[in-house]
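Student: The following comprises the amino acid sequence and a computationally predicted model.
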Amino acid sequence: MTEETSNHDATTNPGGESKAQVSSAPYKPAPGILGAGFLTPPQTVTTPPPTPGETPLTLQTIVPEKRKMPDMKEDIARILKEIQLPERRDVKNTPPAVAPTAPRAVQPQSVPPERQAPPEPLDVPLVSGMHTLKDDLVHAARVQNITVIKATALEEQKRHQEKPKDFDKAVARSKVSPALTASSILFVLGVAALVGVYLAMPQATETTVAVPDSLMFAEQTARFPLNQESSSDTRRLLSSLRNQGVTLGAMLRIAATTNSSGEDRLASAEEFIRSLGTQAPESFMRSLQGIPFIGIHSVDQNAPVLVFKVSSYENAFAGMLSWEKTINQDLSPFFTAIPDTVVKNGVPTVRTFSDEVIKNYDIRALRDDNGKIVMYYSFPSRSILIIAESPFSFTELLTRLRAQREL
């Protein structure tokens, strides 16, 4: 510390005592002392002039005391006494049936290999009870030297890792199951429909008579005897064959048989026309030859068809022109019957055949009141005569006749 020199003027009073007069400049502390906070600035003291009879005072410099730092050791010792550290718990003797609480993780002290004691054998009872997940966790904690909580966390993490695989399998099964179910249902319905159609469809009776002289191919053949009591019964039984179950687009052949000679045989075209009790001209029936094709064609409906071979085109054509007046009534109900007269402009007239063309072939057609063709006949060649009901059957008949080289 730096102090400035004070000028003291000493005077002696009558008592022999000296009196000092002090004049001092203001005190200025050294740089850095005040900033550090250790010293307080000194105060300037001005001594008044002495009065007579007083003892002069001696000037003393007042030095500020240093502040004492608090003693931290006592506080640290007091805090350590107040804090209670948790005791270490040993899990080794804890019974496996009760899960111990998780102790504070303590790093094991390294022990030299020669001082380490051999691992104690696990206490395994001779008769073990029910093995649970809790026993597995305790066993893993003892063997792997980890806490039960950590073992539980590892097991839960393993479950979460395996869950997506099971979830993907479940999703895949959920996608496949509806498709398999729908396919199974459709398959069962299809089989049931086929069985129902097979049972509901009457099967054509197969004839035991050989049919070598067929004009064209037919998918099915039914036997029909012509030996009936009357021609009306023959036409009625023949029309019942229109209700036979025939596959769409297929042809059913009706094999007309007779036993005039004592044994069943196929009837000729003339025998078939006579058995129906028709009014066909004799010249027409003599122009027919061979065994006719009598059939049912399944198109929009079961439609009747007749195919004859003729030996004389002129006689057959002239006979058909003469037979047009009664042919619809003679062949009904095998063919659809319509009235003989039609009303035109309020005047009833006789219904007649008209010239038509189908597939570039000339035909003679009979139409009903709605203008629909219900019966027609045609000579696609000079040796073949076709009588049918549905215009759709005409194309099929031509195709099958060409296949048999009859056209």
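Tutor: Looks like it came in fine. Model, not experiment: these values are computed from the prediction.
Student: average pLDDT across the helix or strand that Leu194 is a member of?
Tutor: Here Leu194 sits within helix 148-200, counting by DSSP states H and E. When pLDDT is averaged along helix 148-200, the result is 70.
Student: next helix or strand past it?
Tutor: Downstream of helix 148-200, the next assigned helix or strand under DSSP H and E is strand 220-225.
Student: Sheet-wise, list the partners of that next one with their directions.
Tutor: Here strand 220-225 has these sheet partners by DSSP bridges: strand 251-258 (parallel).
Student: Where does pLDDT dip in this protein?
Tutor: Residues of the chain that meet the criterion pLDDT under 70 lie in 1-71, 84-131, 133-134, 137, 140-141, 145-146, 148, 160-177, 197-213.
Student: can we see that at 50?
Tutor: Along the chain, the parts satisfying pLDDT under 50 run over 1-24, 32-39, 106, 111, 113, 122, 202-211.
Student: What strands line up against the strand ranked longest in it, and which way round?
Tutor: The strand that spans the most residues within the chain, counting by DSSP state E, is strand 288-298. Next to strand 288-298 in the sheet, as set by DSSP bridges, lie strand 251-258 (antiparallel), strand 302-310 (antiparallel).
Student: Relative to Thr181, which of those is closest?
Tutor: Nearest of those to Thr181, taken as C-beta to C-beta: strand 302-310 at 39.4 Å. Using the backbone N, CA and C atoms, a C-beta is placed for each residue, glycine as well.
Student: so what's Arg289 closest to, chain neighbours aside?
Tutor: Check again: residue 289 is Gln, not Arg. Using C-beta to C-beta, 6 or more residues apart in numbering and skipping the chain neighbours, the partner closest in space to Gln289 is Ser311 (4.7 Å).
Student: Give me the distance between that neighbour and Tyr377.
Tutor: From Ser311 over to Tyr377 the distance is 17 Å, taken as C-beta to C-beta, to the nearest Å.
Student: What of Asn360?
Tutor: Distance of Asn360 to Tyr377, computed by C-beta to C-beta: 17 Å.
Student: quick one, which of these two is more surrounded?
Tutor: More neighbours surround Tyr377 than the other of Asn360 and Tyr377, with 20 against 5 (other C-beta atoms under 10 Å).
Student: ok, that one - contacts?
Tutor: Neighbour list for Tyr377: Met320, Ile363, Arg364, Leu385, Ile386, Ile387, Ala388 [criterion: C-beta atoms under 8 Å, 6 or more residues apart in numbering].
Student: isn't there a helix covering it?
Tutor: No - Tyr377 is assigned strand when assessed by DSSP: H, G, I helix; E, B strand; the rest coil, not a helix.
Student: Measure how buried the residue nearest to it when sequence neighbours are not counted is and give me the count.
Tutor: The shortest distance from Tyr377 to any non-neighbouring residue, by C-beta to C-beta, 6+ apart, is to Ile387 (4.6 Å). Residues near Ile387, counting by other C-beta under 10 Å, number 19.
Student: show me what contacts Asn259?
Tutor: Contacts for Asn259 (C-beta under 8 Å, 6+ apart) come out as Pro225, Asn227, Arg265.
Student: what's the helix or strand for the second one?
Tutor: According to DSSP H and E, Asn227 maps onto no helix or strand at all.
Student: who's in contact with it?
Tutor: By C-beta under 8 Å, 6+ apart, the residues touching Asn227 are Thr258, Asn259.
Student: Tell me how far it lies from Ser322.
Tutor: Taking C-beta to C-beta, one finds Asn227 at 29 Å from Ser322.
Student: same question, Gly371
Tutor: Distance from Gly371 to Ser322, by C-beta to C-beta: 25 Å.
Student: got the contact list for Val310?
Tutor: Ser287, Leu288, Gln289, Ala316, Phe379, Arg382, Ser383, Ile384, Leu385.
Student: re the thing from before, compare the strands paired with strand 288-298 and give me the one nearest Leu215.
Tutor: Of all those, it is strand 302-310 that lies closest to Leu215, at 5.3 Å by C-beta to C-beta.
Student: hmm, back to that, so which bits of the longest strand of the chain are buried?
Tutor: Leu288, Ile291, Pro292, Phe293, Ile294, Gly295, Ile296, His297, Ser298 (16 or more other C-beta atoms under 10 Å).
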